[in-house]
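**Q** Okay, here's the prediction I keep looking at, along with the sequence it came from:
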Amino acid sequence: MELLYLLKGLAVGFLLAVPVGPIGVLCIRRTLAHGARRGIATGLAAASADMMYGIIAAFGLSLVSDFILAQQFWFRLIGGSFLLAIGVRTFFAHPEREIFNNGSNGHTSTYLGTFILTLTNPMTMIAFAAVFASIGIAEIRGSTLAALLLVIGVFFGSLLWFMLLTETVHLFKEKLSTNGIVSINRASGILIFVFGIIALGTLWLHFLPN
C-alpha cells in the first residue's frame, strides 16, 4: 500500500515540473550552451528544491512553512532580482565565450544557483501543499514511511522530467548553428527577464501599499 505513495510522488513531482517556467528555460539554455551535464545539474538542483518543499508539506513542518510564507516578500524580491540578472546575462551570452566555463566548478555553481532560485519561489511550497492535500495529507502524516516514499517519488519524478527535457534538447543541439544558439540565448534571456519582472510585480500587487 505504501508503494502507492511512491507512485503518487513520482506523478506529483513530474507534473509540477512540466510547466516550462524560468527553471525549464534555464535547463534548455544551459544544455544548448554547455551540454547535457549542465542541463542535468540544473534539473538535479530543481528536483532537490522540490524535494525540500515536499518534505515541508508531507511532514507538516509548520514552523518552516510559516516562516517561508511570512518572509515571502524577501523570497520574491531575491528570486525576482536573481532572474533579472540571469536574463540579462543570458541575453548577452555567446557560445564561443561560454565554452571556457564548463568545468566541475561550473556544474557546482549551476547546482547551487538553481537550488537557491527554486527555493526562493514560495508558490512552489503552496503548490505542493495543495496537491498533497488533494491526495490525503492527514493519511500521509499518519505514516512516516508513506510520507518518505512520497517525498522520494517527488524528487525522482521532478528529476525525470528534467532529464527528458535535457536529452531532448541535447539531441537537437548538433543541428543548431552558432547564430541559432545566439538567437535562443536572446529569446531565453528576454523570457527569463520577463519572469523576473512578473515576480517583482507581485510584490507591488500583494505587499506594497496602494
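**A** Looks like it arrived, so ask away.

**Q** for the protein, which spans come out with low pLDDT?
**A** The model of the chain has pLDDT under 70 over residues 1-2, 20, 60-69, 94-105, 122, 132-142, 176-178, 203-210.

**Q** In contact with the most centrally placed residue in it, which residues?
**A** Central residue of the chain (CA atoms, centre = their mean): residue 46, 3.8 Å from the mean position. By CB atoms under 8 Å, 6 or more residues apart in numbering, the contact list for residue 46 reads 17, 23, 27, 114-115, 118, 158, 162. Quick note: C-beta positions are derived from backbone N, CA and C, even for glycine.

**Q** Among the residues you listed, which pair sits farthest apart?
**A** 17 and 115 (14.3 Å; CB to CB).

**Q** The two: which is more packed in?
**A** Shown here are residue 17 and residue 115; by other CB atoms under 10 Å, residue 17 has more neighbours (25 against 19).

**Q** Now do the contacts for that one.
**A** By CB under 8 Å, 6+ apart, the neighbours of residue 17 are 24, 46-47, 50, 157-158, 161-162.

**Q** Now with 7 Å, please.
**A** 46, 50, 158, 161-162 (CB atoms under 7 Å, 6 or more residues apart in numbering).

**Q** cool, and residue 119?
**A** So residue 119 contacts 49, 52 (CB under 7 Å, 6+ apart).

**Q** same check, this time on residue 47
**A** 155, 158-159, 162.

**Q** most neighbours, which of those residues?
**A** Busiest of the contacts of residue 47 [other CB under 10 Å] is residue 158, holding 30 neighbours.

**Q** what's the following helix or strand after the helix or strand harbouring that one?
**A** Element membership for residue 158 (DSSP states H and E) is helix 144-173. Per DSSP H and E, the first helix or strand lying C-terminal to helix 144-173 is helix 178-206.

**Q** For that following helix, name the packing helices and strands.
**A** For helix 178-206, the elements it packs on are helix 22-34, helix 72-91, judged by 3 or more CB pairs under 7 Å, 6 or more residues apart in numbering; DSSP states H and E.

**Q** Please work out which of these is packed deepest.
**A** Mean neighbours per residue, mean count of other CB atoms under 10 Å, is largest over the helices and strands packed on helix 178-206 for helix 22-34, with a mean of 24.

**Q** Can you give the contact residues for stretch 155-162?
**A** 9-14, 17-18, 27, 42-44, 46-47, 50-51.

**Q** centre of the chain versus it, how much separation?
**A** Going by CA atoms, centre = their mean, to the nearest Å, the spacing between the C-alpha centre of stretch 155-162 and its chain's C-alpha centre is 11 Å.

**Q** Please name the nearest non-neighbouring residue to residue 14.
**A** Closest residue to residue 14 apart from its sequence neighbours, by CB to CB, 6 or more residues apart in numbering: residue 157 at 3.9 Å.

**Q** And that neighbour, how far from residue 16?
**A** Separation of residue 157 from residue 16 (CB to CB, to the nearest Å) stands at 8 Å.

**Q** For those two, indicate the residue with more neighbours.
**A** Legend: neighbour count by other CB under 10 Å for residue 157 and residue 16, higher for residue 157 (26 against 19).

**Q** Distance check, that one against residue 92.
**A** 35 Å.

**Q** same deal with residue 118?
**A** In terms of CB to CB, residue 118 sits 24 Å off from residue 92.
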